[in-house]
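# Got a predicted structure here, sequence first:
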Amino acid sequence: MKKAFLLFLIIYISSFSIKDFNGINWGDTGNDLSIIFPKIEKQPTVDENTTILSVEDPKENIEKYQFYLVNDSLTKIRVVFDNEKIGTRQLQNLYQRLLKDIGSPVLKFPISKDVGNFHLKGNTIKFIPDSETIIYFTGLDSIDELGKMFDSNLYLDYIPAQSNYDF
């Protein structure tokens, strides 16, 4: 009986967990995440209903995982790539892996947004790996008022399919 229950639990967890994050499901709490990531830390946020939990250096070429919880319910996962370690070759390999694992993107669009004294410019590619999750592969550059890039970031954002996502 115990083996049957354990098998059911493993199938349940792997069936409904978020792609690339086995054992994590939309709606999980901060306590749920701290079981999987014992070194998880809280980050500052301006929205009192949103908590951002972060895990530093979880894998090669990844600076951190960020878990966004609204009212202690997981609503977004952001993978932040390490700008000092990831180059064009790694970027191409990551994109090829997405194509192989998920298939062709469903949408590509540019990002152009003014924020205070600087401009955000980049591109995002939308993938739908399953009926529960949407993945955005985003390259985003920050450009100062003189037109010079001062920061460049690469993200993978995982969000629930029913969510309204805003860049």
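Now that the structure is in, tell me what you want to look at.
# Secondary structure class of the nearest residue to residue 39 once chain neighbours are set aside, three-state.
Distance criterion Cβ to Cβ, 6 or more residues apart in numbering; nearest residue to residue 39, sequence neighbours excluded, is residue 55 at 6.3 Å. Glycine gets a C-beta too; all of them are placed from N, C-alpha and C. Counting by DSSP: H, G, I helix; E, B strand; the rest coil, the backbone at residue 55 sits in strand.
# what ranges do the strands span in this structure?
41-43, 50-56, 62-70, 73-81, 107-115, 118-127, 133-143, 149-160 (DSSP state E).
# now the shortest one, how far from the centre of its chain.
This means strand 41-43. 16 Å (Cα atoms, centre = their mean, to the nearest Å).
# Could you list the paired strands of that strand along with their orientation?
strand 50-56 (antiparallel) (DSSP bridges).
# Of all residues in the protein, which one is nearest the centre?
Residue closest to the average C-alpha location in the chain (Cα atoms, centre = their mean): residue 78, at 2.4 Å.
# Once you drop chain neighbours, what's closest to it?
Residue 78 sits nearest to residue 66 (Cβ to Cβ, 6+ apart), 4.2 Å away.
# one step back: now for the residue nearest to the centre of the chain: which residues touch it?
Shown in contact with residue 78 (Cβ atoms under 8 Å, 6 or more residues apart in numbering): 65-66, 68, 155-158.
# mind running it again at 7 Å?
66, 155, 157 (Cβ atoms under 7 Å, 6 or more residues apart in numbering).
# Show the model's pLDDT score for it.
For residue 78, the pLDDT comes out at 97.
# How much space separates it from residue 155?
6 Å (Cβ to Cβ, to the nearest Å).
# With residue 148 instead?
Residue 148 sits at a distance of 22 Å from residue 155 (criterion: Cβ to Cβ).
# Which residue of those two possesses the greater neighbour count?
Remark: of residue 148 and residue 155, residue 155 carries more neighbours, 16 against 8, as counted by other Cβ atoms under 10 Å.
# pretty sure that one contacts residue 138?
Yes: assessed by Cβ atoms under 7 Å, residue 155 is found in contact with residue 138 at 4.7 Å.
# For the residue nearest to residue 78, give me the pLDDT.
On the pLDDT scale, residue 66 gets 97.
# gap between it and residue 146?
Distance of residue 66 to residue 146, computed by Cβ to Cβ: 30 Å.
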